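>>> Sequence plus predicted model, see below.
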Amino acid sequence: MAEKQIKTIGVLTSGGDAPGMNAAIRAVVRRGLSSGLNVKGIYKGYNGLLNEEIVDMTARDVSDTIERGGTILYTARCAEFRTPEGQQRGAEICKKHGIDGLVVIGGDGSFAGAQKLANLGINAVGIPGTIDLDIACTDYTIGFDTAVNIATDAIDRLHSTACSHKRVMLVEVMGHRAGWIALHAGMAGGADVILLPELGFDEQKVYDAILGRAHKGKPHSIVVIAEGLKFPDKTRVIDYLTEKIEEKTGIETRKTVLGYIQRGGTPSPYDRNLATRFGGYATELIANKQYGRMVCMQKGRISSIPLKEASGKLKLVTPDNDLLVQGKRMGVSFGI
Ligand code: ADP
Ligand code: F6P
């Protein structure tokens, strides 16, 4: 029997939002339409799928969105979709709305959901969108570059008060499992100490690094901490170290938690163009009947890998990371 012709694709964003997701939606819509496909937008991730919040998308619907942060399709977390009953219902709703292929823009949790739909016969494809860059098998994810730019700008600004007041400034950046933002923004911002969840830290090494600088006539220091680095009782490292550094070094110490500022606002040109390439490629995968795959960037080229390879796995900073190694050689302390 001849394979069914793909006529309609759906697109949704799921998990945490990331700057550049709109550029990916825009690319899916416009590339889908230019291939002669109907495109349906599904609001609020799997939540909207289960509530059948599904609308037809035209090229006009994605006008003036490439420069906007967040996601025009909204995003949500959906506990019901974690259950086999929820997944079965999601697959039936896709079929009811004639959705032959589904593009899921999100993180590894969203891809686990996409894989479940693929197992139920829905032709799903994933696009990696998270500021954390913690998705396996891709060099970049949508939003990471923007978040690093925002965090670097914040670190640059903190240098002013650190220098003027001769203070230690601690800044916590996002990354609940991986320290990619801390590593990249910390290095780009000329941080003196960078603490990552992957490496843990020896607090004495942090005090030694700060005191070592003070002895060389530089009492000000910048310490960047990834939010995922927590004590077993979940105490935030930034709270603990702000008090302890002042006590152990005698230098005035202040803290800043950047939080959601890193996830909002205008996406960088890099993220917009990455998302455009990912979105176009994902749509072409579906049109070419290559399902159950995640779009990725490897060695500068856009390609794809089976969703199974990416879902449930994490991309973490390893001790041999070249930026980390060069940082260490130049005297940056990683607290280990
Ligand atoms: P992210 O995609 O950014 O990793 P989450 O882990 O919160 O974000 O996942 C987003 C949504 O994907 C969840 O709310 C849930 O609906 C769905 N999801 C996550 N994990 C699974 C799973 N193992 N099976 C089915 N659906 C899942
Ligand atoms: O997008 C990733 C991330 O920003 C993590 O670094 C952070 O811990 C998490 O999302 C928090 O997001 P939410 O409050 O939306 O769950």
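Arrived safely, thanks for sending. Ligands and ions are numbered 1, 2, ... in the order given.
>>> Name all residues that make contact with the residue nearest in space to the middle of the chain.
Among the residues of the chain, the one closest to the centroid is residue 130, at 1.9 Å (C-alpha atoms, centre = their mean). The contact partners of residue 130, taken as C-beta atoms under 8 Å, 6 or more residues apart in numbering, are 15, 16, 18, 106, 107, 141, 142, 143, 144. In this view, the C-beta of every residue, glycine as well, is placed from N, C-alpha and C.
>>> contacting residues for the closest residue to the last one other than its chain neighbours?
Here the nearest residue to residue 144 in space, its sequence neighbours aside, is residue 133; by C-beta to C-beta, 6 or more residues apart in numbering that works out to 4.3 Å. By C-beta under 8 Å, 6+ apart, residue 133 lies in contact with 140, 141, 144, 178, 180, 181, 315.
>>> now residue 325
The neighbours of residue 325, taking C-beta under 8 Å, 6+ apart as the test, are residue 319.
>>> distance of the residue of the stretch 51-200 of the chain found nearest ligand 1 from residue 307?
Here the stretch 51-200 of the chain gets closest to ligand 1 at one residue, residue 109, 2.0 Å apart by C-beta to the nearest ligand atom. Distance, residue 109 to residue 307, by C-beta to C-beta, to the nearest Å: 12 Å.
>>> With neighbour numbers in mind, choose between those two.
Under the neighbour definition other C-beta atoms under 10 Å, residue 109 and residue 307 were set side by side, and residue 307 has more, 23 against 17.
>>> Going along the chain, name the strands of the stretch 51-200 of the chain.
Assignment of strands within the stretch 51-200 of the chain using DSSP state E, counting those that start in this stretch yields the ranges 54-56, 101-106, 123-128, 168-173, 193-195.
>>> Same list (those) but as CSV, adding mean neighbour count, mean pLDDT and distance to ligand 2.
Shown next, in CSV, are those (neighbours: other C-beta atoms under 10 Å; pLDDT from 0 to 100; distance: least, C-beta to the nearest ligand atom, whole Å):
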stretch, mean neighbour count, mean pLDDT, distance to ligand 2
strand 54-56, 14, 98, 23
strand 101-106, 29, 97, 10
strand 123-128, 29, 96, 12
strand 168-173, 26, 98, 9
strand 193-195, 28, 98, 15
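>>> Residue 333 contacts residue 192, doesn't it?
Yes. Applying C-beta atoms under 8 Å as the test, residue 333 and residue 192 come out as touching, 6.7 Å apart.
>>> shared neighbours, these two?
Common neighbours of residue 333 and residue 192, using C-beta under 8 Å, 6+ apart, are residue 209.
>>> and residue 308, how many neighbours?
Residues lying near residue 308 (other C-beta under 10 Å) number 15.
>>> where are the low-confidence patches of this protein?
Filtered on pLDDT under 70, the chain yields the residue ranges 1-3.
>>> and it, which of its residues are near ligand 1?
14-16, 46, 77-78, 81-82, 106-110, 112-113, 116, 130 (C-beta under 6 Å from any ligand atom).
>>> Sounds good, over and out.
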